[in-house]
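In: quick check, what structure comes out for this input:
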Amino acid sequence: MQMSWEQARAELDVVLANSDRLVRAIASGRRRGSQPQWRRIEIRPVEIKAGRRIQVVRLDERQAHTTNLETTEWLAVIDELLDEGFGHWHVDTVDEQLALRVTKKGDALVHRGKPSEAVSETTTAHDRVKVRRLNPENPDVQRFLTAVGISDAQGRIKPSRQDKYRQIEEFVRVLDVAVNDALIAGSLSESSAEKPWHLVDLGCGNAYLTMAAYVFLGLVRGEHVRVHGVDVREDSFQRNSELAMKLGIDPNVTFEAAYISEAKDRAADVVLALHACDTATDDALARAVQSSASVVLASPCCHHDLQRQIGTRAPTPYGLLTGSGILRERFIDVLTDSIRAELLRCVGYRVDVIEYVSDEHTNRNLMIRAIRTGAPPRRRDVDEYDALIADWGIEPRLAHLIAPQIALGRDRLAT
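Out: Sure thing, here's the model as predicted:
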């Protein structure tokens, strides 16, 4: 249906304002004569400890800026977003799917359709939407969940494994969004039989998430994808290989027993490093950068390297941050991951750090999410990074591992 932008805007306003029915919305592109401040906007309801919020993620070339808004705050932001000048809007609600595109002449083409298949069910208590990527009713998903002990023989999620299911489901959601973002950024091409995506999980452990990534991307989403898991333990290699064979996915899902730094060279489009201990996370991030991976998802743990380098010393006036053992540990954890994120930005990635699953389920819930855009680093960021490293007198392992790529990035400094 074709209509004026003013009419289409009024319809968008109504749909977005009904936050109880909203599932997600994405704004991208630009209207003729407009230059949006942001490359893309993503909107969705979220549940946090404080209650239901509308999450607005504003993405530029280097990072994502996330805010969680109460309903009254959200209503005040809608006009601001509609004024940005985006040329494309895609909105999913409980009731319908709305797609809007503004033409070169300034008119709007609006299509309304049935709700997205991703909207699988609503809860009767609050009529809130559950978007399930790994729906247990899908036979391939059910087979996987049963094989790893999350579902019973009838395909029902075991009460004692609900937390694990939520963790896997949230991981897959993050992966789905990241892959879509890389496709939009142009760093990831559409998958094909001739050129499948290569996903590598470095430090895969028991490979629940490795296999979940394949089940979702390959069997649910229908992509051509090859998955390879690397873990130093020989028993993990044997167990994971046997499980892949049991599920019948072993032609596309393989494993290797090796240290991350010694793993077989293979090009990677997507790199996972989920709970790789200490500098193993740096090794994984370095492999991702060296492969020019389009998507990197890393959930670090055990930050010992900078803990050893800093000890109890601190530059003036930051002694308060390192005087207490537990505060020193937590501060250096944050410092380590902040440095990792900034180094990835220096070599052409847009990076944000998220809590990818509630700390009620696991305290290892921080994730570095990076999408390769090729954007040069900003001089201000590089200067601040250099000052930080000099003040603390530290040598981050990742900086050493990707020194050639950092040097190339600095040669392309943006103002």
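In: what residue ranges in the stretch 251-400 of the chain score low on pLDDT?
Out: Applying pLDDT under 70 to the stretch 251-400 of the chain flags the ranges 265, 357-364.
In: and the helices in it?
Out: For the stretch 251-400 of the chain, applying DSSP state H, counting those that start in this stretch gives helices covering 280-290, 305-310, 319-322, 325-346, 379-392, 397-401.
In: list the residues that contact Gln142.
Out: Counting by CB atoms under 8 Å, 6 or more residues apart in numbering, Gln142 touches Pro136, Ser151, Gly155. Yep, even glycine has a C-beta here, placed from its N, CA and C like the rest.
In: can you redo the residues you listed as TSV with pLDDT, distance to Ala213 and secondary structure?
Out: Shown next, in TSV, are these (pLDDT from 0 to 100; distance: CB to CB, whole Å; DSSP: H, G, I helix; E, B strand; the rest coil):
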residue	pLDDT	distance to Ala213	secondary structure
Pro136	87	17	coil
Ser151	90	18	strand
Gly155	80	21	coil
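In: now Leu59. Nearest residue, chain neighbours left out?
Out: Arg40 (4.6 Å; CB to CB, 6 or more residues apart in numbering).
In: ugh, wrong one, I meant Leu335
Out: The shortest distance from Leu335 to any non-neighbouring residue, by CB to CB, 6+ apart, is to Leu306 (6.3 Å).
In: gap between the one you found and Leu366?
Out: According to CB to CB, to the nearest Å, Leu306 and Leu366 sit 15 Å apart.
In: among the two, which residue is more densely surrounded?
Out: Neighbours were counted for Leu306 and for Leu366 using other CB atoms under 10 Å; Leu306 has more, 21 against 18.
In: mind checking which of the contacts of Gln142 are buried?
Out: Pro136, Ser151 (16 or more other CB atoms under 10 Å).
In: JSON lines for the contacts of Gln142, including distance to Gly374?
Out: Converted to JSON lines, those look like this (distance: CB to CB, whole Å):
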{"residue": "Pro136", "distance to Gly374": "39"}
{"residue": "Ser151", "distance to Gly374": "42"}
{"residue": "Gly155", "distance to Gly374": "44"}
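In: and of the contacts of Gln142, the nearest to Gly85?
Out: Gly85 lies nearest to Pro136 out of the contacts of Gln142, by CB to CB, at 41.7 Å.
In: does the closest one touch Lys158 like I think?
Out: No - applying CB atoms under 8 Å as the test, Pro136 and Lys158 come out as separate, 11.0 Å apart.
In: what is in contact with these two at once?
Out: Between them, Pro136 and Lys158 share these contacting residues under CB under 8 Å, 6+ apart: Ser151.
In: list the residues that contact the residue nearest to Leu335.
Out: For Leu306, the contacting residues are Ile332, Leu335, Thr336, Ile339, Ile394, Pro396, by CB under 8 Å, 6+ apart.
In: and if we set it to 10 Å?
Out: Listed by CB atoms under 10 Å, 6 or more residues apart in numbering, the contact set of Leu306 reads 278-279, 331-333, 335-336, 339, 392, 394-397.
In: same check on Arg112?
Out: Applying CB under 10 Å, 6+ apart to Arg112 gives the contacts Met1, Glu11, Val15, Val91, Asp95, Glu96, Gln97, Leu98, Ala99, Leu100.
In: so the last one, which state does it fall into?
Out: In this case it means Leu100. Recorded secondary structure, Leu100: strand (DSSP: H, G, I helix; E, B strand; the rest coil).
In: bridge partners for it, pull those for me.
Out: Beta bridges link Leu100 to Trp89, Val110, judged by DSSP bridges.
In: Met3: what's it in contact with?
Out: Going by CB under 10 Å, 6+ apart, Met3 touches Arg9, Ala10, Glu11, Leu100, Asp107, Ala108, Leu109, Val110.
In: what pairs with it across the strands?
Out: With DSSP bridges as the rule, Met3 is bridged to Ala108.
In: give me the pLDDT value at it.
Out: On the pLDDT scale, Met3 is placed at 88.
In: now swap in Ala25 and tell me
Out: 92.
In: that one touches Ala17, doesn't it?
Out: No - in this structure Ala25 lies outside contact range of Ala17 using CB atoms under 10 Å: 11.4 Å.
In: with neighbour numbers in mind, choose between these two.
Out: Taking neighbours as other CB under 10 Å, Ala25 and Ala17 compare with Ala25 leading, 21 against 13.
In: so the more buried one, which of the three states?
Out: Going by three-state DSSP, the secondary structure assigned to Ala25 is strand.
In: which strand residues bridge it?
Out: Counting by DSSP bridges, Ala25 is bridged to Ile43, Val91.
In: from here on, call the first residue 8.
Out: Done: numbering now begins at 8, and the last item shifts to Ala32.
In: can you pull the contacts of it?
Out: 19, 22-23, 48-51, 61, 63, 88, 96-100, 105.
In: ok, which pair from those residues is furthest apart?
Out: Most distant of the contacts of Ala32, by CB to CB, are Val63 and Leu105, 17.9 Å apart.
In: please report phi then psi for Arg150.
Out: With angles defined as degrees, to the nearest 10, Arg150 sits at phi -60, psi -40.
In: test my guess that it contacts Gly255.
Out: Yes - Arg150 lies in contact with Gly255 (CB under 10 Å); the separation is 8.5 Å.
In: who's more crowded, these two?
Out: More neighbours surround Arg150 than the other of Arg150 and Gly255, with 17 against 11 (other CB under 10 Å).
In: which non-adjacent residue is nearest the more buried one?
Out: Leu254 (6.4 Å).
In: same check on Ser41?
Out: Per CB to CB, 6+ apart, closest to Ser41 is Gly92, 2.6 Å.
In: please apply the same query to Leu415.
Out: Using CB to CB, 6+ apart and skipping the chain neighbours, the partner closest in space to Leu415 is Val354 (7.6 Å).
In: also Val278?
Out: Among residues not flanking Val278 along the chain, Ala295 sits closest, at 3.8 Å (CB to CB, 6+ apart).
In: for Glu103, see how far away that neighbour is.
Out: Counting by CB to CB, the gap from Ala295 to Glu103 is 39 Å.
In: neighbour-wise, which of the two wins?
Out: Using other CB under 10 Å, the more surrounded residue of Ala295 and Glu103 is Ala295, with 28 against 14.
In: who's in contact with that one?
Out: For Ala295, the contact set (CB under 10 Å, 6+ apart) comprises 207, 209, 275, 277-280, 301-305, 351, 354, 356, 377, 379, 409.
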